[in-house]
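K.L.:
turn this into a model:
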Amino acid sequence: MKRKSLYWQLPLLLLLIVGTIYIALQQRRENAVQASATFQHDEGLIFGTVYRLTYAADSSLQAQVEQALQQVDREFSMFNEQSTVAAINRGEQPQLSAMYQEVYQLAQQVSADTDGAFDITVAPLVNAWGFGFKTEQMPTPEQVDSLLQIRSQLDYSAIAKGYGCDVAARVLSQHGVGDYMVEIGGEVVTCGHNPKGEPWRVGVSKPTENEDEAAELQAVLTVSNAAMATSGNYRRFYYKGGRKYAHTIDPRTGYPVQHELLSATVIAPTCAVADAYATAFMVLGLKEAQQLLQRHPEMKAYLIYTDQQGQLSVWHSEQLDIS
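P.N.:
Numbers count the residues shown, from 1 in each chain. A predicted model of the protein is given here:
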């Protein structure tokens, strides 16, 4: 009886073995195809920084991507006098495009979600403190109070670069590209696999106060079909009267932040979202950033801070793939 039962099980066992081998071979064949695909490597200048594109395509799509990025620049650049935001800051009333309204609405949503820690009207305060850092003449409490009342000057620099990554990624996707990485000034969007047929991996720099010191990686994160942005003030500070002032300004108080968080890396479905929340986390600090993340399961974070002994420490979302 046992021998007859074994005869019936053998074909099933063989079928399972053959099926497993077939699936493994198919996976290897798919990886080989991905690895052998032609990858384009383009780079250029936009938003005052460098953009880099790596994508699987038979021909270059750089011209199409640059055209889209120039449109983002014409909407949100603080240095382009013809941009929409420059016109608004001059008191004009330009016609607002769908692109402008999309980013404005997202900025308002993040501002509300972070209780004002993200604020595109913080420019006058940033400029006042930035000028003070250079001249060693800090703004007075009266000046800060006055500037807190000014909410007509807009600055999209903490979200526009991430949005630019999204726009570039959108162009590649619309042209049928399924494997790519877009990087603009450290902000990243990925899709599919890298030229080796593996998931995209992106490094996070180790905080250092020395601008001349070569960047050292703190960690490498797997970023698959997602976006990543990092914000930090560890190289942007000023000492006066024995006190360290960060260049990150809290829009709610008008003063530089004073807390332990040195760097915030956020992985989110879009780079505009990652960019905005990374900036907000640098204002909120470690504890409040952790609390906010509990409300957003779609986001993950890698946070570098100084512990009570002054040593570098890390907190990160459990779902992150780190090496």
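
K.L.:
when you work out contacts or count neighbours from here on, use the C-alpha atoms and nothing else.
P.N.:
OK.

K.L.:
any low-confidence regions in the chain?
P.N.:
Segments of the chain classed as low confidence (criterion: pLDDT under 70) are 1-37, 131-136, 209-214, 233-246.

K.L.:
skipping its backbone neighbours, what lies nearest residue 166 in space?
P.N.:
Leaving out its chain neighbours, the residue that sits closest to residue 166 by CA to CA, 6 or more residues apart in numbering is residue 271, at 5.9 Å.

K.L.:
what's opposite the spatially most central residue of the chain in the beta bridge?
P.N.:
The centroid of the chain falls nearest to residue 229 when counting by CA atoms, centre = their mean (1.6 Å). The bridge-partner assignment for residue 229, based on DSSP bridges, gives residue 266.

K.L.:
so how far is residue 281 from it?
P.N.:
Look at residue 229 and residue 281: by CA to CA, to the nearest Å, they are 12 Å apart.

K.L.:
how about the helices of the chain, start to end?
P.N.:
Applying DSSP state H to the chain gives helices spanning 2-36, 62-76, 84-89, 98-113, 123-135, 141-148, 157-174, 271-284, 286-293.

K.L.:
buried residues, the last one. List them.
P.N.:
I take that to be helix 286-293. Within helix 286-293, the residues scored as buried using 16 or more other CA atoms under 10 Å are 286, 289-290, 292-293.

K.L.:
pull the CA atoms of it into CSV?
P.N.:
Extracted as CSV, the C-alpha positions of helix 286-293 are listed here (Å, rounded to 0.1, in the frame of the first residue of the first chain):
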residue,chain,number,x,y,z
LEU,A,286,13.8,63.4,15.8
LYS,A,287,10.8,62.7,18.1
GLU,A,288,8.2,64.7,16.2
ALA,A,289,9.5,63.2,12.9
GLN,A,290,9.0,59.7,14.3
GLN,A,291,5.5,60.5,15.4
LEU,A,292,4.6,61.9,12.1
LEU,A,293,5.9,58.8,10.3
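
K.L.:
now the buried residues of helix 286-293 as JSON lines including distance to residue 191?
P.N.:
Formatted as JSON lines, the entries for these read as follows, by distance: CA to CA, whole Å:
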{"residue": "286", "distance to residue 191": "29"}
{"residue": "289", "distance to residue 191": "27"}
{"residue": "290", "distance to residue 191": "27"}
{"residue": "292", "distance to residue 191": "26"}
{"residue": "293", "distance to residue 191": "23"}
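
K.L.:
wait, which of those residues is closest to residue 39?
P.N.:
For these, the closest approach to residue 39 (CA to CA) belongs to residue 293, at 35.5 Å.

K.L.:
count the neighbours of the closest residue to the closest one other than its chain neighbours for me.
P.N.:
Setting aside the residues directly before and after it, residue 293 is nearest to residue 299 in space (CA to CA, 6+ apart), at 6.8 Å. By the other CA atoms under 10 Å criterion, the neighbourhood of residue 299 contains 22 residues.

K.L.:
quick one: residue 299 and residue 271 touch, right?
P.N.:
No: counting by CA atoms under 8 Å, residue 271 is not a contact partner of residue 299; they are 11.1 Å apart.

K.L.:
pull the contacting residues for residue 189.
P.N.:
With CA atoms under 8 Å, 6 or more residues apart in numbering as the criterion, the residues that contact residue 189 are 165-166, 169, 181-183, 225-228, 270-271.

K.L.:
what does stretch 262-275 contact?
P.N.:
Among residues not part of stretch 262-275, those counted as contacts by CA under 8 Å, 6+ apart are 106, 158-166, 187-189, 204, 207, 223, 225-234, 277-279, 281-282, 298-306.

K.L.:
one more pass at 6 Å, please.
P.N.:
Contacts with stretch 262-275, where a contact means CA atoms under 6 Å, 6 or more residues apart in numbering, come from 159, 162-163, 166, 226-232, 234, 278, 299-305.

K.L.:
for stretch 160-173, same thing?
P.N.:
If you take CA under 6 Å, 6+ apart as the criterion, stretch 160-173 is touched by 65, 271-272, 275.

K.L.:
gap between the residue nearest to residue 303 when sequence neighbours are not counted and residue 137?
P.N.:
Spatial nearest neighbour of residue 303, excluding adjacent residues (CA to CA, 6+ apart): residue 264 at 4.8 Å. Here the distance between residue 264 and residue 137 works out to 29 Å (CA to CA).

K.L.:
and residue 47, by the same measure?
P.N.:
Applying CA to CA to residue 47 and residue 137 gives a distance of 29 Å.

K.L.:
who's more crowded, these two?
P.N.:
Legend: neighbour count by other CA under 10 Å for residue 47 and residue 137, higher for residue 47 (21 against 12).

K.L.:
which ones are touching that one?
P.N.:
Under the criterion of CA under 6 Å, 6+ apart, the contact list for residue 47 is empty.
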